[in-house]
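A.B. asks: here's my sequence, what's the structure:
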Amino acid sequence: MSHPTQERTVVLVKPDGVKRGLIGEIIGRIEKRGLKVIALKMLRASKEQIDFHYPKDEAWVKRLGEKSLATYAKYGWDPIKEMGTDDPMKIGVAVREWIINFMTSGPIVKIVVEGIHSVDMVRKLVGNSIPALAEMGTIRGDFSVDSAALANKNQRAVHNLIHASETPQEATHELAFWFAAEEIFEYKRAEEDIMF
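C.D. replies: From the prediction side, this is the model:
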């Protein structure tokens, strides 16, 4: 990034967002924020692509398991009865597999968004990763009511409509993975001189 207005982030409209017809709504909210879409493509991701997209490191996988254990504890559920184990690593591996299955269950839309603080701005637009906890006015808060409790009970991924890079480093990794240079376009939006 040579200038703050050129920060880039990756957005994936997940299969539930595509199937519910929310692609235009999501893009509209991004563009109304003053950010610009510089790459856009629909695809059916392979298991290998999604497996590479999501981290495999032990700390990340264990964190998935710990989040699930916290959900079980909150609702008084026995993780051994629900999952056959209370080991956060084993549960994390299962949850990661649910995510991969969900992300390959239908087409996704991959998007590159560019603009000032695009990583933080898109995360703000998207809302909490658990839709039931996302504030109204965010994409997840307005269009989903799914929860970790329901997802865990049904042994599936949380249906939260959209993925957005969490950090500039993650965005750089995802950008290189999901997009070829020729898929990304440069142009100036009409209001850039006014907004920035």
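A.B. asks: use CA for all of it now, contacts and neighbours both
C.D. replies: Noted.
A.B. asks: pull the number of nearby residues for the nearest residue to I184 once chain neighbours are set aside.
C.D. replies: With Cα to Cα, 6 or more residues apart in numbering as the criterion, I184 has its nearest non-adjacent residue at 4.9 Å, and that residue is A39. By other Cα atoms under 10 Å, the residues close to A39 number 19.
A.B. asks: return the backbone torsion pair for the nearest residue to R123 once chain neighbours are set aside.
C.D. replies: Distances taken as Cα to Cα, 6+ apart put A164 closest to R123, at 6.2 Å, once the chain neighbours are dropped. Here is the backbone geometry of A164 (degrees, to the nearest 10): phi -140, psi 130.
A.B. asks: contacting residues for A164?
C.D. replies: 9-12, 119, 122-123, 126 (Cα atoms under 8 Å, 6 or more residues apart in numbering).
A.B. asks: so what's the backbone phi/psi at the residue nearest to I184?
C.D. replies: phi -160, psi 140.
A.B. asks: hang on, it packs against V112?
C.D. replies: Yes: between A39 and V112 there is a contact under Cα atoms under 8 Å: 4.9 Å.
A.B. asks: residues shared between the contacts of those two?
C.D. replies: With Cα under 8 Å, 6+ apart as the test, A39 and V112 both reach I184.
A.B. asks: for this structure, give me the ranges with low pLDDT.
C.D. replies: Scanning the chain with the threshold set as pLDDT under 70 gives 1-2, 196.
A.B. asks: switch to 90 and redo it
C.D. replies: Filtered on pLDDT under 90, the chain yields the residue ranges 1-5, 55, 188-196.
A.B. asks: can you show me the strands along it?
C.D. replies: Ranges of strands in the chain, per DSSP state E, are 8-13, 36-43, 108-114, 162-164.
A.B. asks: residues contacting the residue most central in space within the chain?
C.D. replies: Taking Cα atoms, centre = their mean, the centroid of the chain lies closest to H163, which sits 1.4 Å from it. Residues in contact with H163, defined by Cα under 8 Å, 6+ apart, are 10-14.
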